[in-house]
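Below is the structure, and that's it, no one-letter string:
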C-alpha cells in the first residue's frame, strides 16, 4: 500500500538540520494524539519458552497503550504453549534482515516496541506510553531511553546511554534494550534495505532510518532489565575487533559502506602521493612517549625504544607531563644522548598536547612513532619495519599489529589484534564504523605538524587516523610488532558508565565532524 508523504518542518537534532518526511497517516495520528486511550503499540519480544517471557508479557499487558505482543522465536524446539493473547513469529535471529522484514509486515499499530533481551523487562510507571508520547511530540523515527540494570543480587544500577548524532555509526552503539519506532518510519526504512544480512539487519535498518528521521535519546530512566555482561570496561574494550566475530564485522562493514554512499560521505580508493623530501631532519625517526605517573612501566618502555637496531639515526622523545610518583627521576637516570626528556611548561596538556610538543621539537625525526608508557615493542626490529613501511607503501601513516599481554608479556584474550577489517580499498570508510585503528601508530612528521593533534587524552589517535585517511593511504604491518600490556593501572581498565559514555560521545563527535568534512569534499567545486 502506497502512502502519501507529508513534509514536517525543518528541525535541528544534535546540531544537524534536516527535514523529516513521514506519511500523512502518521502525521495525522501525531496531531490528533492527546492520550493513550486506544492501544497504539505492537511489542516484539525474543522468545525461548513461556516462563522466560511470562513476566515481561504481564508487565506489558498492564500498560493500556500496548496492543499485540509478538514473540520472536529462533528455536525450532519450542513449547507448544505460550502466554495467551501473544502471537508467535519464527525468525532466524534477532538481528537478521528477515526478522526486520517480518516485524515490518506485522506492524499494524502506530508504534513498534522492540525488546532485545531474553531476560525479564520491567517498564517504569507509564514508561511505554511516555516513550510513544515523546516519539509523537518530536516526530521521531525512533526513541530510546536511560534505564536501570538489575544485578544478580537485585541491586538496581543506573545505566544512562548517550545521544545519537550524525556520526553515531558504531554498530555496537548502546541504545539499551528497549527501542521504540514509529511504525511508518520502520516500514519505510525496512523497504530501503537492499541486502540480506544474518547479523547486520537491525544495524542496517537504523542507518536507513537515520537518513530521513530523527533518533532521539530520552534522558529519563524508563525501565529496568537484567544486566548479563558484568565485565569491566577494559575487558569489553576489544570486542569490536575480536577475530571470532569476523563474519559479523564483514556484514556491518557492508551496511555502513552502503550508508556512506547514500549520504555522500563515501571516499573512493584514490589517494594523494607522498613526497618524503619535505624539510630537513637530522633523525629519520623519533619514538614518542607521553607519560604521567607510570613509575611501574616507564623504564621498560624506554628500554624497549632505546634497544631498537636500525641502519638510520633515531631518538626517543619522552614528554613527562608533570609526574609526581618518581617517573621523572627514572627518566633522568638514563642519561642516554638519544633520550630527550621534555617537561612541559604548560599544565593543561592531554596526551594529544604532549604529542604536539614532541612532534614540534626541533630534534623530532622525519617519522614520529608511538610507544605508550605502558607498552613495549616486540623486539629490536620494530622501528625499522615501521620506517620501511612508509617508503614501501607510500603512506602518510603506518599502523601495526599488536598483541594483548599482561605485565609479564603473557598473551591474554583476545590475543593478537590485527584489524583485518582494514583493506586498502575500503579501510578509510570502514574506519568510521569501528572504534580505533590499531597500534602502534606512526606518522610522517611534516604532515602531522601541519594537521595538529587534538589536545585530549582519549580519541586523539582516532581523530588523526580519520583525518589522515581522508587524503592519504594508511600503511599496515600485519605481523605483531607491539605488546599492549593490560593491567589495573591502564587509564581505561575499569571506567564507570559516565566516563565510558563521555568517551563514546566524543568519538561520535569526531565521526560527525569527519562525515561533514567528507561530504563537503565530495561536493562539486
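Noted; the coordinates are in hand. Since the model is a prediction, treat every value here as computed from it, not as a measurement. Residues are numbered from 1 along each chain as shown.

When you work out contacts or count neighbours from here on, use the C-alpha atoms and nothing else.
OK.

Need the three-state assignment for residue 269.
At residue 269 the chain is in coil, as set by DSSP: H, G, I helix; E, B strand; the rest coil.

Please apply the same query to the one 3 residues further on.
Reducing the assignment to helix, strand or coil with three-state DSSP, the entry for residue 272 is coil.

Tell me which residues of stretch 444-460 come out buried.
444-448, 453-455, 458-460 (16 or more other C-alpha atoms under 10 Å).

and the residue with the largest distance to the centre of the chain, what pLDDT?
Most distant from the centre of the chain: residue 335, at 41.9 Å, with distances by C-alpha atoms, centre = their mean. Looking at residue 335, its pLDDT reads 91.

separation between it and residue 344?
19 Å (C-alpha to C-alpha, to the nearest Å).

Where does the prediction get shaky in the stretch 401-525 of the chain?
Along the stretch 401-525 of the chain, segments meeting pLDDT under 70 span 489-494.

Let me fix that, I meant to ask about the chain.
Those would be 1-39, 76-80, 228-243, 489-494, if you go by pLDDT under 70 across the chain.

Which strands or helices does the lengthiest helix in it pack on?
Ranked by residue count and defined by DSSP state H, the top helix of the chain is helix 497-522. On a contact count with 3 or more C-alpha pairs under 8 Å, 6 or more residues apart in numbering; DSSP states H and E, helix 497-522 meets helix 460-471.

in the helix it packs on, what counts as buried?
Buried, per 16+ other C-alpha under 10 Å, within helix 460-471: 460-471.

what do you get for stretch 161-178?
Residues 161-171, 175-178 are the ones in stretch 161-178 that count as buried (16+ other C-alpha under 10 Å).

Look at the closest residue to residue 338 other than its chain neighbours and give its secondary structure.
Once flanking residues are discounted, residue 338 sits nearest to residue 315: 4.7 Å by C-alpha to C-alpha, 6 or more residues apart in numbering. Secondary structure state of residue 315, per three-state DSSP, is strand.

got a list of what residue 315 touches?
Residues in contact with residue 315 (C-alpha atoms under 8 Å, 6 or more residues apart in numbering) are 283, 285-287, 306, 338-340, 364-365.

Kindly report the same for residue 358.
288, 317-319, 342, 364.

The helix or strand where it lies: what's the following helix or strand?
Using DSSP states H and E, residue 358 sits in helix 351-359. Sequence-wise, the next helix or strand downstream of helix 351-359 (DSSP H and E) is strand 367-370.

contacts for that following strand?
With contact meaning C-alpha under 8 Å, 6+ apart, strand 367-370 is reached by 284-289, 359, 383, 387, 439-445.

who does it pair up with?
Here strand 367-370 is paired, per DSSP bridges, with strand 285-291 (parallel), strand 441-444 (antiparallel).

what's the closest of those to residue 103?
Closest approach to residue 103 among those is made by strand 441-444 (43.9 Å; C-alpha to C-alpha).

Going toward the C-terminus from the closest one, what's the next helix or strand?
With elements assigned by DSSP H and E, the helix or strand that comes after strand 441-444 is helix 445-451.

what number of residues lie near residue 408?
The number of residues packed near residue 408 is 8, by other C-alpha atoms under 10 Å.
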